[in-house]
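Participant: Sequence first, then the predicted structure, then my questions.
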Amino acid sequence: MRTLITNIGELSTCTDAGVLEDAAVLVEGGRIRWVGASADAPDPSAGSGIEGAEPEVVDAGGRAVIPGFVDSHSHIVFAGDRASEFEARMAGEKYAAGGIRSTVAATRAASDEQLRARLHGFIDEMRRQGTTTIEVKSGYGLDVETERRLVRLAAEVTDEVTFLGAHVVPAEYADDPDGYVDLVVGPMLAACAPHSRWIDVFCETGAFTVEQSRRVLEAGVARGLTPRVHAGQLGPGGGVRMAIEVGAASVDHGTYLTDADIAALAASDTVLTLLPGVEFSTRQPYPDARRLIDAGVTVALACDTNPGSSFTSSVPFCIAVAVRDMGMTPKEALWAATAGGAAALRRNDIGVITAGARADLVLLNAPSHVHLSYRPGVPLIGDVWKDGALVGGP
């Protein structure tokens, strides 16, 4: 089927082509076939090559179209709730990595059906907010069987599955963290690698040391997985440079970075994924995105949807916070949440509007992408297309 979206007031391509006015996009077979001025748009009924296919014409009515958001960091396979933990933080209690263990207990006790239902609920929630590609991590099982269940369930909804067995050390290994690393790099990795594309580790005080983290990531690489790393969230450390050394696609958080960390990131092809929902929820200082971008670091934005430190699934919210509190321009924040997220996943077929890319598109109920940060909290997402199919809308 061919779909022509025409009369687009502002089209943000998130490519070198920049922003086009009075534009149109032709979609066929789940891909973008043509992008240009509305006046030059091809006839959608001509040359489709698909017998019986009736073309569709969508009049954007002067509204803006952007790429579907690419959320490259989420933890949405879990059970339980940590609202009381959030309430305590708002009363002054400091965030620490150990709260993850409470979610682990609830997740281990949940059935596949319960986990699947909640997972699909989050996917639907994200789609309605314009997210068309989602990375999903495990990490709330911390035993072989539950971690296997989590990556298997994640693989039902996305190709971007991350094995995060090294999230924290579970209670039963509290006195033997190296023994837990043995489990992660041995039986747990063997069980989870067939369902995963990525391997991640929480390299942070209260979680895993640089040496333990490197061991986990190198074991994953030997199994054909590509590294991602949580680092620099609770304080500075060696996690960022270790991530670059092992070829990580992204370092996520980066709340606390040294000048040497920033220089190393700028000289590498590792993306720094910023997660403003975390700082909003934990009251930690926001990263200085202006400093990072000016230094030449490739920056992505993601939600980090999880029950402990960032229970939001709204990329528009994260864009607004990044513009308001992290020094990004609206254009930079949109790029970071689309093409930047794609770079963090080492993909060039999503997060952009250009011929040949996947037809992941969002029609905004606004004349410009600037309204995503100009009108925070307002539901501006209109129709959402994933691979050319309408999957979300008001």
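Facilitator: Okay, I see it. Numbers count the residues shown, from 1 in each chain.

Participant: All the strands of the stretch 201-350 of the chain, residue numbers only.
Facilitator: Remark: strands assigned in the stretch 201-350 of the chain by DSSP state E, counting those that start in this stretch are 226-231, 250-253, 271-274, 299-301.

Participant: Packing partners of the longest one?
Facilitator: Applying 3 or more CB pairs under 8 Å, 6 or more residues apart in numbering; DSSP states H and E, one finds that strand 226-231 makes contact with strand 198-203, helix 210-222, helix 239-245, strand 250-253. Heads up, the C-betas are built off the backbone N, CA and C, glycines and all.

Participant: Give me the contacts around it.
Facilitator: For strand 226-231, the surrounding residues in contact (CB atoms under 8 Å, 6 or more residues apart in numbering) are 162, 197-204, 207, 213, 217, 220-221, 237, 239-240, 242-243, 246-254, 344, 346.

Participant: And the second one, by the same measure?
Facilitator: With contacts defined as CB under 8 Å, 6+ apart, strand 250-253 is touched by 72-73, 228-233, 239-240, 243-244, 265, 270-275, 278, 300, 302, 304, 344.

Participant: What mean pLDDT does the longest helix seen in the chain get?
Facilitator: For the chain, the helix with the greatest residue count under DSSP state H is helix 112-128. Averaged over helix 112-128, pLDDT sits at 98.

Participant: and that helix, what does it pack onto?
Facilitator: Judged by 3+ CB pairs under 8 Å, 6+ apart, helix 112-128 is in contact with helix 144-154, strand 381-386, strand 389-392.

Participant: Tell me the helix or strand right after it.
Facilitator: Sequence-wise, the next helix or strand downstream of helix 112-128 (DSSP states H and E) is strand 131-134.

Participant: Now do that following strand: distance to the chain's middle.
Facilitator: For strand 131-134, the gap between its own C-alpha mean and the chain's C-alpha mean amounts to 7 Å (CA atoms, centre = their mean, to the nearest Å).

Participant: contacting residues around that strand?
Facilitator: Outside strand 131-134, the residues that touch it by CB under 8 Å, 6+ apart are 68-72, 74, 76, 123, 126, 157-158, 160, 313, 315, 341-342, 345, 347, 350-351, 360, 362, 384-386, 391.

Participant: Save the strands of the stretch 201-350 of the chain as TSV, and put in mean pLDDT too.
Facilitator: Shown next, in TSV, are the strands of the stretch 201-350 of the chain (pLDDT from 0 to 100):
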stretch	mean pLDDT
strand 226-231	98
strand 250-253	98
strand 271-274	98
strand 299-301	98
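
Participant: Let's have those strands in JSON lines, adding mean neighbour count.
Facilitator: Shown next, in JSON lines, are the strands of the stretch 201-350 of the chain (neighbours: other CB atoms under 10 Å):
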{"stretch": "strand 226-231", "mean neighbour count": "28"}
{"stretch": "strand 250-253", "mean neighbour count": "29"}
{"stretch": "strand 271-274", "mean neighbour count": "30"}
{"stretch": "strand 299-301", "mean neighbour count": "28"}
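
Participant: who wins for proximity to R2 among these?
Facilitator: strand 299-301 (31.9 Å; CB to CB).
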